Structure formats: structure tokens, C-alpha cells
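In: Turn this into a model:
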Amino acid sequence: MLTKNIEKIVLISILALIITSFSTRSKIDVLIKKEIKIVFKIDSFSKQSITISSELNETLPLKITATNLFKIKKDEALLGYYYLGKAFGKAAYFDFIVIFNENLIISKVKILVYRESHGGEVGSKRWLKQFIGKTISINLKYQKDISAISGATISAKSMTNEINKLLKTINILKNNKQL
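Out: Numbering: from 1, shown residues only. Here you go, the predicted model:
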């Protein structure tokens, strides 16, 4: 009898985890679509996953998968790109998006899901605006190029580091004619 109850609890827990992960993913997809429509001032678009060779991927600061780097197109015209990433706060990861224009200049950075009770200031529009206009040839320095945030030091440093890795990755992909 006890074994049956444990099996039921395990099954219910697994189902709840699956349902929660799908709803979080769909919320993220909705937020991404909204941000792309705002940045490019469009009603509809298509996205195309960017695939690269495993040999090149091994050399990149950030690994590219079928679910994290995309071309953004309107009809057949290239509008830009977006990257869906994760950065680490004090105790949990948070999800963010970086939208690039067709010239690989950052147009928008947004925190999509922040999972901690402290450090959420890293998601403020004012702080994130510092990344807009940055190019793939730059290396950002926290507290010099990017302002610190009191109460969100770990998240802000982590976000700056992830953006730097992304810029280096995009630069390598461009130089290898993958973008």
C-alpha cells in the first residue's frame, strides 16, 4: 500500500514538473515574440534556427544549439538575430534575450524570467539600456563600461560576462561566415 502511494506521488510530481516546464517555455516564447515585434516595429515575423558545425561550436565561448540562436526574418528579408541565454544569479539561473539588428549591433536586452527574491534590479530597463548599441568587437568591463547595481552585484556581473561571451561568439560566427 505504501509503495502504491509513493508511486502515485512520484508520478504526480513528474507530471507537475512537465506541465510547469511547458508553461514556462510558452511564457518565454510569448515574451520573445512581443520584444521582437516592438524592436522591429512589425506585426509578424519568422525565425530560423542557426546551425553550425560541431567543430566550430567547440571553439566558441557560448555553445550554439538549435534553441538559442535565431535569424529574424520578415518575409525573406533579414531583420536581425536573437539569442536566448541564461545567466547565474546568487542561487539560480535567469533567462534573458539579446536582440541584434542585421548589422549585429545590440538593439535590446531583456531579462525574461528572474527566479530569485534578491537582485531583480538587473532586469530594470534603465540598467539594461547600457548594452544597446554595443557591437561584437567590444569587450565590456563591469563597473567601467557597465554600471554596478547595489543589491544585484552577482547578477549584474554575471549578465555582463554572458553578454561578453555572446559578443565574442557572434564575432567568431561572423568571421567564419556563419551569420
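In: Can you pull out the low-pLDDT segments for this protein?
Out: Within the chain, the ranges that satisfy pLDDT under 70 run 1-6, 8-25.
In: Longest strand in it, by number of residues?
Out: Counting by DSSP state E, the longest strand found in the chain is strand 77-88.
In: Contacts for the very next helix or strand once past that one, please.
Out: Using DSSP states H and E, the helix or strand that directly follows strand 77-88 along the chain is strand 93-101. Strand 93-101 has contacts (CB atoms under 8 Å, 6 or more residues apart in numbering) with 28, 31-32, 35-36, 39, 72, 79-88, 106-116, 122-123, 131, 155, 159, 162-163, 166, 170. The way it works is simple: take the backbone N, C-alpha and C, and place the C-beta from them, glycine included.
In: give me that answer again for 7 Å
Out: The contact list for strand 93-101 (CB atoms under 7 Å, 6 or more residues apart in numbering) reads 28, 32, 35-36, 39, 80-87, 106-115, 155, 159, 163, 166.
In: Just the ones in helices from those, please.
Out: Of those, the ones assigned to helices by DSSP state H are 28, 32, 35-36, 39, 155, 159, 163, 166.
In: From those residues, list the buried ones, please.
Out: 32, 35-36, 39, 155, 159, 163, 166 (16 or more other CB atoms under 10 Å).
In: from the residues you listed, which two are the most distant?
Out: Across those, the longest distance by CB to CB is 23.8 Å; it joins Ile36 and Ser155.
In: wouldn't Leu179 be in contact with Leu173 here?
Out: Yes: applying CB atoms under 7 Å as the test, Leu179 and Leu173 come out as touching, 4.8 Å apart.
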